[in-house]
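A.B. asks: Could you look at this predicted model? Sequence included:
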Amino acid sequence: MSGKGIDICHKWDRKVRRTAPKSLDVYLRLLVKLYRFLYRRTHKKFNKIILRRLFMSQINKPVISLQKVVRFMKVKAKDETTIAVCVGTVTNDDRMLTVPKLRICALRVTEKARARILKAGGEVLTFDQLALLAPTGKNTVLMQGKRNAREACTHFGKAPGVPHSYTRPYVRSRGRKFERARGRRTSCGYKKISKKASSFTKLTQITHPIADQSLIIENQNNFFHEDELFDDCLINCLNSLRPCDAKIQLVSQLRLRVAATLSTFTVSGSTGY
């Protein structure tokens, strides 16, 4: 009697990762062959990471500047003999005035970056030279550029205009006639209120007198006895809105306005009662 078979789910069988480079570059394929051998014989994670990064697309092998290399080496390098390893391109950075002595291994180094490294007494290595010097990755610092630094990545995330979204919209241009509907008016989805606008509405609610006259007349005696408290309260409200010089003027104007409104209410209250 034969039993029933089991239906195995093949939904997640596909492994979306490269196991070989797509490039037809002979030198890159030789490096892959070399580091495949090194990983098979040493079982070191360093060789495994380099092998995996050699397969990657250009987007996943971003450039790294000399400034970033120096910053990494300051933190992680033991001494001047430590080798900085980058599976990608090392570029020059004009903002950095002086370049220290460096030993760098990369797939490619730009002409200006190479000239500055060699002028400082440094050394630029290839990956086949690195395999002879450090086959297990000893005394090396592995680094890479930022993969999300591309302009395309600024458009990824929450929808533009949604609260707490910092995503850049796909817009033809900047100006008066662009981005005027969704997120800008309540009739088209919702209206986004900025932080400054919300804090200003809170300020007006605090500083404007209450419509109920009797409540104001009851509190008018205690209102200006606590002058310091009133000023502190207003200054705290205005912290996010105005600079220091304008803040003092605005406080004095608001105090005069509140005093004027209180005097009018007391006059009307006395005649009414």
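C.D. replies: Structure's in. What do you need?
A.B. asks: The residue nearest to Arg114 when sequence neighbours are not counted bridge partners, please.
C.D. replies: Spatial nearest neighbour of Arg114, chain neighbours left out: Val124 (5.6 Å); criterion: Cβ to Cβ, 6 or more residues apart in numbering. The way it works is simple: take the backbone N, C-alpha and C, and place the C-beta from them, glycine included. As for beta bridges, Val124 partners with Ile104 under DSSP bridges.
A.B. asks: residues touching Val124, list them.
C.D. replies: 104-106, 109, 114, 117-118 (Cβ atoms under 8 Å, 6 or more residues apart in numbering).
A.B. asks: Show me where the stretch 101-250 of the chain has its strands.
C.D. replies: 103-109, 123-125, 140-143 (DSSP state E, counting those that start in this stretch).
A.B. asks: Buried deepest among those strands, which one?
C.D. replies: Neighbour counts (mean count of other Cβ atoms under 10 Å) averaged over each of these peak at strand 103-109, with a mean of 21.
A.B. asks: who does it touch, helix- and strand-wise?
C.D. replies: If contacts are counted by 3 or more Cβ pairs under 8 Å, 6 or more residues apart in numbering; DSSP states H and E, strand 103-109 sits against strand 83-91, strand 123-125, helix 127-133.
A.B. asks: Okay, buried residues for the last one please.
C.D. replies: Just to be clear, that refers to helix 127-133. 127, 130-131 (16 or more other Cβ atoms under 10 Å).
A.B. asks: These into a markdown table, with extra columns for distance to Arg174 and pLDDT?
C.D. replies: Below are the buried residues of helix 127-133 laid out as a markdown table (distance: Cβ to Cβ, whole Å; pLDDT from 0 to 100):
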| residue | distance to Arg174 | pLDDT |
| --- | --- | --- |
| Phe127 | 45 | 98 |
| Leu130 | 47 | 98 |
| Ala131 | 51 | 97 |
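A.B. asks: Those into a markdown table, with extra columns for distance to Arg18?
C.D. replies: Shown next, in a markdown table, are the buried residues of helix 127-133 (distance: Cβ to Cβ, whole Å):
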| residue | distance to Arg18 |
| --- | --- |
| Phe127 | 18 |
| Leu130 | 22 |
| Ala131 | 21 |
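A.B. asks: which one of the residues you listed is nearest Gly175?
C.D. replies: Phe127 (49.6 Å; Cβ to Cβ).
A.B. asks: any idea how far that closest one lies from Arg176?
C.D. replies: Distance, Phe127 to Arg176, using Cβ to Cβ, to the nearest Å: 54 Å.
A.B. asks: likewise Lys78?
C.D. replies: Distance from Lys78 to Arg176, by Cβ to Cβ: 58 Å.
A.B. asks: Which of these two has more residues huddled nearby?
C.D. replies: Neighbour tally, Lys78 and Arg176, criterion other Cβ atoms under 10 Å: the higher count belongs to Lys78, 9 against 6.
A.B. asks: Please list all residues in contact with that one.
C.D. replies: Taking Cβ under 8 Å, 6+ apart, we find Lys78 in contact with Asn139.
A.B. asks: Now do it, the pLDDT please.
C.D. replies: You'll see Lys78 listed with a pLDDT of 92.
A.B. asks: In terms of helices and strands, where is it?
C.D. replies: Per DSSP states H and E, Lys78 falls between elements, in no helix or strand.
A.B. asks: how close does it sit to Leu133?
C.D. replies: Between Lys78 and Leu133 the computed distance is 15 Å (Cβ to Cβ).
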